[in-house]
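A.B. asks: Structure, please.
(chains A and B)
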Amino acid sequence: MSRKIKNLLVKNVVTIVFVLLCIFGIVASEQPLPFIVKELLTRIGRNSFLVLSLIIPVIAGMGLNFGITIGAMAAQIVMIFAISYGATGFSGLVLCIVLSTPLAALFGYITGRVLNKTIGQEMITSMIMGFFANGLYQLLFLFLVGTMLPIGNENFLIPGGVGIVNTIDLKDNVMYAFDSLWTIKLPMFLGIFGVLGALVTGYLVKKFKKSENKVLRSRLFFYLGLSLSTIVVAVVLQSTVNLYKLFEIPMITFAFIAVIGAFNVLIFKTKMGHDFRTVGQDKHIAHVSGINVEKRRILSIMISTILAAWGQIIFLQNLGTLNTYGSHVQISTFAIAALLIGGASVSKATVGQAFLGVILFHTLFIVSPMAGKNLFGNAQVGEYFRTFIAYGVIGLSLGLHAWKTFKAQQQRDKVDIN
Amino acid sequence: MSDKLRSTLKNIGIPRFVIVTMLIVIYIAAYFLKLNVPRLLSDNLVRMGMNGVLVLAMVPGILSGTGLNFGLPLGIICGILGGLISIELEMTGIMGFLVAMICSIPIAIIAGYFYGKLLNRVKGSEMMVGTYVGFSIVSLMCIGWLVMPFNSDAIRWPIGDGLRTTIALTDFYEKVLNNFMQFTIFGVTVPTGLLLFFFMMCLFVFLFLRTKTGMAIRATGSSNKFSKASGIDVDKSRMIATVLSTALGAIGILVYAQSYGFFQLYTAPLMMGFAAVAAILLGGASAHNAKITHVLLGVFVFQGLLLVALPVANVIFPQGNLSEVMRVIVQYGIILYALTKAGGGQ
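C.D. replies: Below you'll find the model as predicted:
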């Protein structure tokens, strides 16, 4: 039993460390909890989608797709042009989503083709690919727009007529176009969430009553408990005086995220999903069993790039300003760091880990400047600390994974010799 | 004839051919745009010398089989630390530069040792892990620069916490190498000391690679199994190469800083490794093979391109910073090209 617990601790050490770090950060920042929760809810809505876009390539054995920046660029290209020609509100944003899809698919296809030439070095290649694409993106928006390409709104141009301005305000056109469409209060949201969860897990508990699978059953009971306690929390929040019950949940955005979360789970129940998994586990076996490995790998990157484009649109409509040359740059670092903090690795990732990661990473993001100020008398320490966390956790995770792969390879070599 | 042409072209390599042609075209364009060509050439030589050692740092890594050393910022940080210690000790002139080197090399050797240990455990993913070692150390040192106990007025902000973002070397060892035996011929100013130092470092690496240890490193890079069979300690060879690369990175940034006139702290070293990688690749190196001539040609051509393209682009295209965008495209384009050529394959 104690060994089991030890195993569990070792396996989840990254996540546990970050849970502790978050608690420590919250205490040290001395910020009011409602403020943190409110910020966190905003950031979950804003960032979850991007993190979810990473999962399929991980399962398909291509590692963490640093190329989601390219998807974000596709989204921004479409948004800038569409908004300059007058796209506004919900319909405008839907138009952006529709138009960005083929563009992101094309970009994803090209990325996939390149990654097929660099098997074993996909991550570094996708990262360099992102930097390279950023150069082309700058060429497009700094020099081609205004000289060779028309733009709908003169105000988007740098004075002089060539190139797009640094920041584009989205307040008057698409800001909150998804978020504000339908909102409900937090206790209500938790209540619905809890009831639905309890119903589903209750049904499953009944269905698997006689199942031998103990792990599954204990897991189901855990989810049932979680759902019931969510209901309790909802009731308590509703019936007492507090700030939390004023928080609004953007239902459309959350629903969109939920759909993509479900998509990432359900796809692995289909033939295509199985193919991804087989390719990820062993390319040779996949090839022998008649799967077109290269095509599947390209497809996984295409899906990821499209999801990243959608994710960036959701991100920007919440943020309210589009930084033409900056909004996309750090996307991959932060999304990947969040996924890894949630407990994922280079070859394994789940939807649950994505959500947990977003919560932990962004809690840390919210509290670290104030924590830095209170502990070291300098808010900058906290700001640098969170950047370090993002890079450090990616480095650590890559290192651990490479080490494990190398060890396994050595073991195999030994067996071969014997 | 066309066969011969094709084989020569193949020998030179298409990207190299394109880039060299581009540089020549840009120089010719500069002449016709009535820019000061000798001046540009002088600056090109300075840029070559100031970036050269950083590019040279790529050679041991590539030859030992650890690939392109994207972890170069690690060496750069060590160099900056040494440089700051020298300022703190109030050393000036050539003495200041030497002390900076003497202080930074041991730090780089220690850092390189641990970096090498890590790289030996992640065989096959060195480039990716190296990149993030670089990123992590730069972001960790951002906190470091805020809290480090340096006291010199030249290093600290006069008010507030931490060290300055740029530290001027005017009163210490700015351009000590550049000005050493500098002379002008046909309007071209030759920074003799700087180039001499760079060539000396190249010669050192060249000779080192012909010692027994150097041969072992090269054997390790070309075939792991073969070198193991012939009794070479693969891990040790890789370790020595990584330490050497890190130390060259440290010296490289000192040479860079004395010519530039400033140390840049905080996030400035973050992307410096990529420029060095791009330069050696433009010179004709690949992820598995590199020569000193690749370093010399690569750094001259790449820096020349950045330098000469700027005024030329500004004359032709007055808006914006076209040459900066071109740098990004060329720099990452060439790295991408090299990665696809190195390819894992099936």
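
A.B. asks: any idea of the mean pLDDT for stretch B:212-222?
C.D. replies: Mean pLDDT, stretch B:212-222: 86.

A.B. asks: Next up, identify which helix or strand B:Gly83 is on.
C.D. replies: Assessed by DSSP states H and E, B:Gly83 sits inside helix B:72-88.

A.B. asks: just B:Asp171 next, same as before
C.D. replies: When elements are assigned from DSSP H and E, B:Asp171 belongs to no helix and no strand.

A.B. asks: hang on, it packs against B:Ala154?
C.D. replies: Yes: shown here, B:Asp171 and B:Ala154 form a contact pair, counting by CB atoms under 8 Å, at 6.8 Å. C-beta here means a position set from N, CA and C on the backbone, and glycine is covered the same way.

A.B. asks: Which of these two has more residues huddled nearby?
C.D. replies: Set side by side, B:Asp171 and B:Ala154 show unequal neighbour counts under other CB atoms under 10 Å in any protein chain shown, the larger going to B:Ala154 at 18 against 11.

A.B. asks: Could you look up the SS state of the more buried one?
C.D. replies: For B:Ala154, the reduced secondary structure class is coil; criterion used: DSSP: H, G, I helix; E, B strand; the rest coil.

A.B. asks: give the contact list for the residue nearest to it when sequence neighbours are not counted.
C.D. replies: With CB to CB, 6 or more residues apart in numbering or on different chains as the measure, B:Ile87 is the residue that lies nearest to B:Ala154, at 5.7 Å, once sequence neighbours are left out. Residues counted as contacts of B:Ile87 (CB atoms under 8 Å, 6 or more residues apart in numbering or on different chains) are B:96, B:152, B:154-155, B:167, B:169, B:172.

A.B. asks: avg pLDDT for the helix holding B:Gly83?
C.D. replies: Across helix B:72-88, the average pLDDT comes to 92.

A.B. asks: I'd like to know how many residues surround B:Arg93.
C.D. replies: For the record, residue B:93 is Gly, not Arg. A count of nearby residues for B:Gly93, using other CB under 10 Å, gives 11.

A.B. asks: Please apply the same query to B:Ala309.
C.D. replies: The burial metric for B:Ala309, expressed as a neighbour count using other CB under 10 Å, is 21.

A.B. asks: is any part of the helix or strand containing it close to chain A?
C.D. replies: With elements taken from DSSP H and E, the one containing B:Ala309 is helix B:292-316. No: against chain A, helix B:292-316 shows no contacts by CB under 8 Å from any CB of the partner chain, the least distance being 10.1 Å.

A.B. asks: who touches stretch A:187-201?
C.D. replies: In this structure, residues lying in contact with stretch A:187-201 by CB under 8 Å, 6+ apart are A:184, A:220, A:223-224, A:226-231, A:233-235, A:237-238, A:244-245, A:249, A:251.

A.B. asks: Alpha carbons of it, as CSV, please.
C.D. replies: The C-alpha atoms that make up stretch A:187-201 are tabulated as CSV, following Å, rounded to 0.1, in the frame of the first residue of the first chain:
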residue,chain,number,x,y,z
PRO,A,187,-23.4,29.2,-8.4
MET,A,188,-25.9,28.4,-11.1
PHE,A,189,-23.2,27.2,-13.3
LEU,A,190,-21.7,25.0,-10.6
GLY,A,191,-25.2,23.7,-9.8
ILE,A,192,-25.9,22.6,-13.4
PHE,A,193,-22.4,21.2,-13.7
GLY,A,194,-22.8,19.2,-10.5
VAL,A,195,-26.2,17.9,-11.3
LEU,A,196,-25.2,16.8,-14.8
GLY,A,197,-22.1,15.2,-13.5
ALA,A,198,-23.9,13.4,-10.8
LEU,A,199,-26.5,12.1,-13.2
VAL,A,200,-23.9,10.8,-15.7
THR,A,201,-21.6,9.2,-13.1
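
A.B. asks: Show me what counts as buried in that stretch.
C.D. replies: A:187-194, A:197-198, A:201 (16 or more other CB atoms under 10 Å in any protein chain shown).

A.B. asks: do stretch A:403-417 as well
C.D. replies: Counting neighbours by 16+ other CB under 10 Å, stretch A:403-417 gives A:403, A:405-406 as buried.

A.B. asks: do the same with stretch B:177-186
C.D. replies: Under the neighbour-count rule (16+ other CB under 10 Å), stretch B:177-186 has B:177-178, B:182 buried.

A.B. asks: quick one: low-confidence ranges for the chain?
C.D. replies: Since you didn't name a chain, this refers to chain A. Under the criterion of pLDDT under 70, the regions of chain A flagged as low confidence span A:1, A:416-418.

A.B. asks: To clarify, I was referring to chain B.
C.D. replies: Where chain B drops into low confidence, which here means pLDDT under 70, it does so at B:1-2, B:9, B:11-12, B:224, B:319-320, B:343-346.
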